[in-house]
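Chemist: Quick one, what's the 3D model for this:
(2 chains)
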Number of protein chains: 2
Amino acid sequence: MPPTPPPPRPTAERRRDVLAHLADDIDLWLATASADGEVHLVPLSFAWHGERIVMSTLRSSRTVANLRERPRARAALGGLRDVVLVTGPVRIVEAADLAEGATAAFADHVEWDPAPDPDYLWLELAPRQILAWREENELAGRTVMRAGAWVA
Amino acid sequence: MPPTPPPPRPTAERRRDVLAHLADDIDLWLATASADGEVHLVPLSFAWHGERIVMSTLRSSRTVANLRERPRARAALGGLRDVVLVTGPVRIVEAADLAEGATAAFADHVEWDPAPDPDYLWLELAPRQILAWREENELAGRTVMRAGAWVA
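Modeler: Numbers count the residues shown, from 1 in each chain, chains lettered A, B, ... in the order given. Next comes the predicted model:
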């Protein structure tokens, strides 16, 4: 038998843990799909800046092609037994269209600055839904953000 | 500056590492999409049995609904700096339709047996493409399986 997990975290604690992952994690998994439902999944580096997940990837990538057709994604942070799933619309932008300081925050956090490379552009995911759970006993109450608002 | 990564692994070494992840990992991320391109991403437990990724999930889940529309998925194993991405068709089956020993192998590996619960059914992913890389210097040569065949 697996060991008994700790008791489920209350919502406020999950929110703090989610914000810590958003602030501290370097990479996430990003799932996108084409308009006709071909799914894609890749690891990307990110920074959390201005309440947005800021990423950079190749202009020619399938992720960008999918997001042009379907500007929405689901990202997985944390880990497989410390799940943070973030869903929301994604803007595809040039560096100049990001919020002030976003590219510098990204380069500092990730230790990589794609800004000078014209092959790269930027993705900005605005969280609408965030789910957080560790073990099965945390599946109830896993919604920490709904319709863009943190659950109280 | 990030530390210099080790030299890229040759294909045979990546294949061994992929097979070790398939044999030893307990959980993966599974990305699916609906026919009209709404993406979904969840953590699932799995076992590697008979050259298939065997998983079990709720009959009522969005993953199952998506796979009924679009029987294809992309799974992420390993980790964000030790990436294993497996893409292929997924069969949705009852326990009796799995290969001999598959449900027992799953229950033994995952320490959880969904077979007695009628709310659960089984998913079987047949790898067609497998990609494996650690750092950027391994992006070249990341294809270790193509069209269902291991790359020599």
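Chemist: Flag every residue of chain A that's near chain B.
Modeler: Within reach of chain B by Cβ under 8 Å from any Cβ of the partner chain, chain A has these residues: A:1-2, A:26-29, A:31-43, A:66, A:69-70, A:72-76, A:80-81, A:83, A:85, A:111-112. Where C-beta positions appear, they are placed from N, C-alpha and C, glycine not excepted.
Chemist: Please list only the buried members of the residues you listed.
Modeler: A:27-29, A:31-34, A:37-43, A:66, A:70, A:72-76, A:80, A:83, A:85 (16 or more other Cβ atoms under 10 Å in any protein chain shown).
Chemist: from the residues of chain A next to chain B, which ones fall inside helices?
Modeler: Per DSSP state H, helices hold the following members of the residues of chain A next to chain B: A:66, A:69.
Chemist: center of chain A, which residue is that?
Modeler: residue A:75 (4.2 Å; Cα atoms, centre = their mean).
Chemist: Wait, that one touches residue A:85, no?
Modeler: Yes - the criterion here is Cβ atoms under 8 Å, and residue A:75 meets it with residue A:85 at 7.2 Å.
Chemist: shared neighbours of the two, anything?
Modeler: The contact sets of residue A:75 and residue A:85 overlap at residue B:41 (Cβ atoms under 8 Å, 6 or more residues apart in numbering or on different chains).
Chemist: buried sites along the biggest helix by length in chain A?
Modeler: In chain A, assigned by DSSP H, the helix with the most residues is helix A:11-24. Buried residues in helix A:11-24, defined by neighbour count with 16+ other Cβ under 10 Å: A:11, A:14, A:15, A:17, A:18, A:21, A:22.
Chemist: elements contacting that helix?
Modeler: In this structure, helix A:11-24 packs against strand A:72-79, strand A:82-93, strand A:129-133, strand A:143-146, with contacts taken as 3 or more Cβ pairs under 8 Å, 6 or more residues apart in numbering or on different chains; DSSP states H and E.
Chemist: want to try TSV for the ones you listed, with distance to residue B:6 and mean pLDDT as columns?
Modeler: Below are the helices and strands packed on helix A:11-24 laid out as TSV (distance: least, Cβ to Cβ, whole Å; pLDDT from 0 to 100):
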stretch	distance to residue B:6	mean pLDDT
strand A:72-79	23	96
strand A:82-93	27	98
strand A:129-133	34	98
strand A:143-146	38	98
